[in-house]
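Engineer: Pasting the sequence and the predicted coordinates here, then a few questions.
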Amino acid sequence: MPQSLFPAATPEARIRLEQDPALKLISDFDWSANPLGPIPHWPESLRGAVRMMMLASTPMVMLVGEKGILVYNNGYAQFAGNRHPEVFGTPALDAWPEVAEFHRSIIERGLANESWALRDQELVLNRRGQLESCWMDLQYSPLVGENGLSMGTLCIVYETTERMLAEKALARSEERLSLALSGSSLVGTWDWDVTENVVTSDDKFATMFNLDPLHAGLGGSMEDFLAAIHPEDVTRVREEIATVLRDGSTYRCEYRLIGADGSVHWIIASGRPRLGPDGVATRFPGVIVDVTEQRRISDALAESEIRFRTLADTMPQMVWSTLPDGFHDYYNARWYEFTGVPVGSTDGEGWNDMFHPDDRERARTVWRRSLDTGEPYHIEYRLRHHSGNYRWTLGLALPIRDARGEIVRWFGTCTDINETKVFAEERELVAQELSHRIKNIFAVLTSIISLSARSRSDEIKAFSVELRQRIYALGEAHDFIRPHSQVSRPPEHQGSLNSLIDRLMQPYSQDGRSRITFSGEDTLIDDGAATPLALLIHELGTNSAKYGALSLGSGRIDLAGRHDGDRYWLSWKETGGPPIAGEVELAGFGSRLVQLSVEGQMRGRLARIWEVDGLRVEIDLPLDALRRSGRLNG
């Protein structure tokens, strides 16, 4: 280190001083090629000022001479960022070209012996590889030599960038808050100077409390604002304010205001007092929100909930509801009366324990399918009654959807159908017994006919066979059309014409393969139409087996149905049988029976067409002859 900067320093002091980065930088710098020249040639006043600056902690920089050569301490080195140490000892205009004009003015004013200060001066500097705005407080003083003339300028730098950015962010936030509040007709703000008992507020707050906005903006007493509170709420509000002022806790209070026109508004006031060093509240800012509409909706929902629960509890069915995922969260009074379980004990998955063990898995599967697909829930199962017995119950549920079609809730009912179920089972037993007895009568008739024909002529025996077959067809028709339960109903039984034909023509199958096909439109039939239709199909099938298509192994019958307004057309077509030479004249009992069944009982028409490849029969029937409901509606 040059002895000329600290000529009186001891060796120990020099070692200590050389540890300072700025002092080391100035001592190692090659000043011989610099406009300032070597340090020993500097004026003593300049060296003294440099010594003072280098040992100061405040960021300082000197702009020396007409070129404004930069000499600075450690504080300014940190301010210079990535530009340090490149700019040390260089002209200010070259060191900071982005603010060259600014520094040109600084150099001129400093050499003119001026002193001045700049507050929150914004400069756009490249300190970290890119231009950025920074703010600082700057204090400028001339460097006066022994001759009284200025050698340059000393600048003390206080960077205020962080504070300015924070203030700008706060200003933007306050601006957004102000815009939001001014755009809302429901929110108002206040600020209470507790020490002076002065409350200032915005226009919305003043309007809510029936005060002139100008007066409220200048400030009024707390009593002015309390006067607008509903008489039934004012004592409670005072007590809650006193509590938060005492302990500094958060204030949140809902109360009523009486408007200038006598209308009542519900508001929620929120805030928190600011406590001084002594723990005493000094300020109390906050906001109020008009919640009158929300309160009205809440009261309406509460009233609606009461009406729903009253209605649900007076219904004879058990009513329940679930969340979209199937979590049960509500049951009406009928459920708890029926099951006898404690209230809330069947919430969630708890209701599964109420099913009969044999029904649990089935009920769970059906319920899960409804939850997955959104399909209505429909099932019969047994629930445990409060008596300990299991009773048959009908479970129904429908999903409730929002505007987007998403399920928001399921509502369901459970209806006790135990007596109906028992009655249906008893009715089924009676129906089976009656059917069995009727079929026994048919069997007795066929037995009597067989016994009577044994010792008779061949002609009588043939007639008896036909008669037994017709009685058998009537028995099949009776068993087909009688009421069935889920247990007794034959597979694929639908009470339709196609189903009856399929049953009556089963004896004509060959090697397990049906020789009769049905196409087109099917139609429902009732017990009134089953008997004549059974006789018709039986006679046509018997004749085909004797003389027509079914008499040969290659023969078959194709039936086709068709609705035409209030009539039904059935076509019977035989193929693959013996060839037909011409029209055949029919005058037997079977033919007359067919005509009687179609034209007499059913008020229809029947036509036989003797085609070369086989018989075709066209049958035209009124729909009201096929179904009792059709006759009643007609």
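Structural biologist: On my side now, so go ahead. Numbering: from 1, shown residues only.
Engineer: all helices of the stretch 51-200 of the chain, in order?
Structural biologist: 74-80, 92-95, 100-111, 161-182 (DSSP state H, counting those that start in this stretch).
Engineer: List of residues touching the second one?
Structural biologist: Contact with helix 92-95 is made by 63, 67-70, 83, 86-87, 100, 103-104, 106-107, as judged by C-beta atoms under 8 Å, 6 or more residues apart in numbering. All C-beta spots, glycine's among them, are computed from the backbone N, C-alpha and C.
Engineer: What sits closest to residue 246 if chain neighbours are left out?
Structural biologist: residue 281 (8.0 Å; C-beta to C-beta, 6 or more residues apart in numbering).
Engineer: what sits against the one you found?
Structural biologist: Taking C-beta under 8 Å, 6+ apart, one finds 194, 245-246, 248, 273-275 in contact with residue 281.
Engineer: So residue 615, which state does it fall into?
Structural biologist: Following DSSP: H, G, I helix; E, B strand; the rest coil, the label given to residue 615 is strand.
Engineer: How much space separates it from residue 579?
Structural biologist: 11 Å (C-beta to C-beta, to the nearest Å).
Engineer: ok, those two, which is more surrounded?
Structural biologist: Each of residue 615 and residue 579 has its neighbours counted (other C-beta atoms under 10 Å); residue 615 has more, 22 against 8.
Engineer: Now do the same contact list for the residue nearest to that one when sequence neighbours are not counted.
Structural biologist: Once flanking residues are discounted, residue 615 sits nearest to residue 574: 4.8 Å by C-beta to C-beta, 6+ apart. By C-beta under 8 Å, 6+ apart, residue 574 lies in contact with 544, 548-550, 555-557, 614-616.
Engineer: which SS class is residue 574?
Structural biologist: Under three-state DSSP, residue 574 falls in the strand class.
Engineer: how much space between it and residue 613?
Structural biologist: As for residue 574, its distance to residue 613 is 8 Å (criterion: C-beta to C-beta).
Engineer: swap in residue 79?
Structural biologist: Residue 79 is 113 Å from residue 613, by C-beta to C-beta.
Engineer: in the stretch 301-450 of the chain, what spans have low per-residue confidence?
Structural biologist: The stretch 301-450 of the chain contains residues with pLDDT under 70 at 304, 308, 312, 424-450.
Engineer: Kindly apply the preceding question to the chain instead.
Structural biologist: Applying pLDDT under 70 to the chain flags the ranges 1-4, 170-186, 304, 308, 312, 424-494, 586-589, 628-634.
Engineer: Find the centremost residue of it, please.
Structural biologist: residue 406 (6.3 Å; C-alpha atoms, centre = their mean).
Engineer: and that residue, what is it in contact with?
Structural biologist: Residue 406 makes contact with residue 324, according to C-beta under 8 Å, 6+ apart.
Engineer: what are the phi and psi angles of it?
Structural biologist: phi -80, psi 140 (degrees, to the nearest 10).
Engineer: Tell me if I'm right that residue 356 and residue 392 touch.
Structural biologist: No. In this structure, residue 356 is not within contact of residue 392 by C-beta atoms under 8 Å, at 9.3 Å.
Engineer: Neighbour count for the two, which is higher?
Structural biologist: A direct count of neighbours by other C-beta under 10 Å for residue 356 and residue 392 places residue 392 higher, at 20 against 16.
Engineer: Name the SS class of the more buried one, please.
Structural biologist: strand.
Engineer: State the distance from it to residue 352.
Structural biologist: Counting by C-beta to C-beta - residue 392 and residue 352 are separated by 18 Å.
Engineer: again with residue 621
Structural biologist: To residue 352, residue 621 is 53 Å away according to C-beta to C-beta.
Engineer: where exactly do the strands run in the stretch 1-150 of the chain?
Structural biologist: 60-64, 69-72, 116-126, 131-144, 150-159 (DSSP state E, counting those that start in this stretch).
Engineer: Quick one: the ones you listed as a markdown table, columns for distance to residue 303 and mean neighbour count too.
Structural biologist: Below are those laid out as a markdown table (distance: least, C-beta to C-beta, whole Å; neighbours: other C-beta atoms under 10 Å):
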| stretch | distance to residue 303 | mean neighbour count |
| --- | --- | --- |
| strand 60-64 | 76 | 25 |
| strand 69-72 | 77 | 24 |
| strand 116-126 | 60 | 14 |
| strand 131-144 | 60 | 16 |
| strand 150-159 | 64 | 20 |
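Engineer: With respect to residue 30, which of those strands lies nearest?
Structural biologist: With C-beta to C-beta as the measure, strand 69-72 is the member of the strands of the stretch 1-150 of the chain nearest residue 30 (13.2 Å).
Engineer: list the helices and strands that closest one packs on?
Structural biologist: Helices and strands in packing contact with strand 69-72 are listed as helix 44-54, strand 60-64, helix 92-95; criterion 3 or more C-beta pairs under 8 Å, 6 or more residues apart in numbering; DSSP states H and E.
Engineer: Quick one: residues in contact with that strand.
Structural biologist: Residues outside strand 69-72 that contact it (C-beta under 8 Å, 6+ apart): 22, 26, 34-36, 50, 53, 59-64, 80, 87-92, 95, 152.
Engineer: Could you pull up the contacting residues of residue 5?
Structural biologist: 26-27, 39, 47, 50-51.
Engineer: sorry, that was for residue 326
Structural biologist: 367-368, 371, 410 are the contacts of residue 326 under C-beta under 8 Å, 6+ apart.
Engineer: The closest residue to residue 267 other than its chain neighbours is in what secondary structure piece?
Structural biologist: Closest residue to residue 267 apart from its sequence neighbours, by C-beta to C-beta, 6+ apart: residue 288 at 4.9 Å. Secondary structure assignment for residue 288, by DSSP states H and E: strand 281-290.
Engineer: Residue 195 versus the residue nearest to residue 246, what's the distance?
Structural biologist: 8 Å.
Engineer: now residue 77
Structural biologist: Taken as C-beta to C-beta, the span from residue 77 to residue 195 is 47 Å.
Engineer: who's more crowded, these two?
Structural biologist: Of the pair residue 77 and residue 195, residue 77 is the one with more neighbours under other C-beta under 10 Å, namely 19 against 11.
Engineer: With adjacent residues omitted, what lies nearest to the more buried one?
Structural biologist: The nearest residue in space to residue 77 (C-beta to C-beta, 6+ apart) is residue 84, at 4.4 Å.
Engineer: repeat for residue 366
Structural biologist: Nearest to residue 366 is residue 379, by C-beta to C-beta, 6+ apart, at 4.8 Å.
Engineer: who's that neighbour bridged to?
Structural biologist: With DSSP bridges as the criterion, residue 379 is bridged to residue 395.
Engineer: No further questions, thank you.
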